[in-house]
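[1] Sharing a model that was predicted from the sequence below.
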There are 2 protein chains.
Amino acid sequence: LLVGSYEGRLATGCPQVQLGFRHESRDKRFTIYVIQLSNCSAPCLQADQKLYVRVAVLPCVEATRCLFRTRRFPPQDAVQLDEVFGTQISRDALRQKTLRVDVCHTSSSGHEECLTGAQISLADIGCSEERRTSWYNLLSHAYMPDIGNKRTDRR
Amino acid sequence: LLVGSYEGRLATGCPQVQLGFRHESRDKRFTIYVIQLSNCSAPCLQADQKLYVRVAVLPCVEATRCLFRTRRFPPQDAVQLDEVFGTQISRDALRQKTLRVDVCHTSSSGHEECLTGAQISLADIGCSEERRTSWYNLLSHAYMPDIGNKRTDRR
């Protein structure tokens, strides 16, 4: 396995997203780079359905923007996105945030439906003045009910 | 803010879990350390309800164990757990896994109900022979439906 190489990543078969983060403390600017996806062929989709990446900086309580969506793209193994999103947030506030990054599509009934995603704690990661990039495994949302994370009874 | 200090972490107000990971390549042993929680007072719970931490190594497809639960504890700001779980997995397989760590309780109707959680890609993190520990922000499950991650229509 060629670790870190593109071929190595494709060989793993695991859907992944490459993200970059940067926080400029002087002007309190947090920048998220959605660079590329690998192994996101999504065989469950119809041929004409397109995917997009949704990025949310959570909890979203301030008046600043916290929800972003990339352009749409057809399901395929390797997708180069190179999209950049930014929001105004202090370093201390950023440390308490969690990033949800989900690969979604619009269902035939018009609802946003997410297939797979990553969740990234910004406790440590969001504090670099220079851009840092990493690959993150995406976990299928289909696994979530199996481990019982939905609230099955509501009071 | 005293970054990294216990007082600093409590001051942030954000629920966090401290985890440790270690992978021994010789005997293909992956060890997860659930060390402690901070700011997990869970005011939505009744006084007699107890919490526990559920750890899942996903996707869970092999015959090896992938789901673990800690002992139960009363809701409080700081909880020292120091529990250790292990599973047999190769380094290459581990790189494709994602860890879900959720703080759960058993509802009055007997269902497992999770309040908050972290999701950690093991693409890079799970590959150290020595134990590495980090703090992770926990994201309330209440935020998940707001960003639409549930499959609202089923085909």
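    In hand now; what should we look at?
[2] ok, and the closest non-adjacent residue to residue A:78?
    Using C-beta to C-beta, 6 or more residues apart in numbering or on different chains and skipping residues adjacent in sequence, the residue nearest residue A:78 is residue A:38, 5.5 Å away. (Glycine included, C-beta is placed from N, CA and C.)
[3] roughly how far apart are the one you found and residue A:81?
    Distance of residue A:38 to residue A:81, computed by C-beta to C-beta, to the nearest Å: 11 Å.
[4] which outside residues touch stretch A:29-38?
    Stretch A:29-38 is contacted from outside by A:6, A:9-10, A:15-24, A:53, A:55, A:57, A:68, A:70, A:77-89, A:94, A:99, A:101, A:103, A:126, A:131, A:133, A:135, using C-beta atoms under 8 Å, 6 or more residues apart in numbering or on different chains.
[5] buried set for stretch A:91-105?
    Within stretch A:91-105, the residues that count as buried by 16 or more other C-beta atoms under 10 Å in any protein chain shown are A:91, A:93-105.
[6] Need the max-distance pair from the residues you listed.
    Pairwise distances across these (C-beta to C-beta) peak at 34.5 Å, for the pair A:91 and A:105.
[7] Next up, phi/psi of the residue nearest to residue A:78, please.
    Here is the backbone geometry of residue A:38 (degrees, to the nearest 10): phi -130, psi 150.
[8] ditto for residue A:55
    Backbone geometry at residue A:55, expressed as degrees, to the nearest 10, gives phi -120, psi 130.
[9] The most centrally placed residue in chain A: helix or strand, and which one exactly?
    What sits nearest the mean C-alpha location of chain A, by C-alpha atoms, centre = their mean, is residue A:101, with 2.0 Å. Following DSSP states H and E, one finds residue A:101 within strand A:98-106.
[10] Partner strands of that strand and their direction?
    Paired neighbours of strand A:98-106 in the sheet (DSSP bridges): strand A:51-58 (antiparallel), strand A:112-121 (antiparallel).
[11] follow-up on the earlier one: just list the residues touching the residue nearest to the centre of chain A, thanks.
    The contact partners of residue A:101, taken as C-beta under 8 Å, 6+ apart, are A:17, A:19, A:34, A:53-56, A:117-120, A:136, A:138.
[12] What are the boundaries of the strands in chain A?
    A:16-24, A:29-40, A:51-58, A:67-69, A:76-88, A:98-106, A:112-121, A:132-137, A:139-140 (DSSP state E).
[13] which stretch among the ones you listed comes nearest residue B:113?
    Nearest to residue B:113, of all the strands of chain A, is strand A:112-121, at 18.8 Å by C-beta to C-beta.
[14] got a list of contacts for that closest one?
    By C-beta under 8 Å, 6+ apart, the surrounding residues in contact with strand A:112-121 are A:15, A:17, A:19, A:40, A:42, A:44, A:51, A:54, A:98-107, A:136-141, B:98, B:117-121, B:135-137, B:139, B:148-149, B:151-153.
[15] before we move on, the earlier item: turn the strands paired with strand A:98-106 into JSON lines, columns for mean neighbour count and mean pLDDT.
    Formatted as JSON lines, the strands paired with strand A:98-106 follow (neighbours: other C-beta atoms under 10 Å in any protein chain shown; pLDDT from 0 to 100):
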{"stretch": "strand A:51-58", "mean neighbour count": "22", "mean pLDDT": "94"}
{"stretch": "strand A:112-121", "mean neighbour count": "23", "mean pLDDT": "92"}
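[16] Any stretches of chain A with poor pLDDT?
    Applying pLDDT under 70 to chain A flags the ranges A:1-13, A:43, A:62, A:126-127, A:143-155.
[17] about what we covered before: buried members of the contacts of stretch A:29-38 into PyMOL, please.
    Buried members of those, defined by 16+ other C-beta under 10 Å, are picked up in PyMOL with:
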select buried, chain A and resi 9+15+16+17+18+19+20+21+22+23+53+55+57+68+70+79+81+85+87+89+94+99+101+103+126+135
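[18] Report the inter-axis angle for the strand holding residue A:101 versus strand A:16-24.
    If you take axes from the mean of the first three to the mean of the last three C-alpha atoms, to 10 degrees, strand A:98-106 sits at 130 degrees to strand A:16-24.
[19] Give me the distance between strand A:98-106 and the centre of its chain.
    With C-alpha atoms, centre = their mean, to the nearest Å as the basis, strand A:98-106 stands 5 Å off its chain's centre.
[20] ditto for stretch A:129-140
    8 Å.
[21] Could you do stretch A:104-118 as well?
    Centroid separation between stretch A:104-118 and its chain, computed with C-alpha atoms, centre = their mean, is 13 Å.
[22] Check stretch A:81-95 too.
    Here stretch A:81-95 is found 13 Å from its chain centre; the criterion is C-alpha atoms, centre = their mean.
[23] Same question for stretch A:61-71.
    Chain-centre distance of stretch A:61-71: 13 Å, with C-alpha atoms, centre = their mean.
[24] same check, this time on stretch A:114-128
    What separates the centre of stretch A:114-128 from the centre of its chain is 7 Å, taken as C-alpha atoms, centre = their mean.
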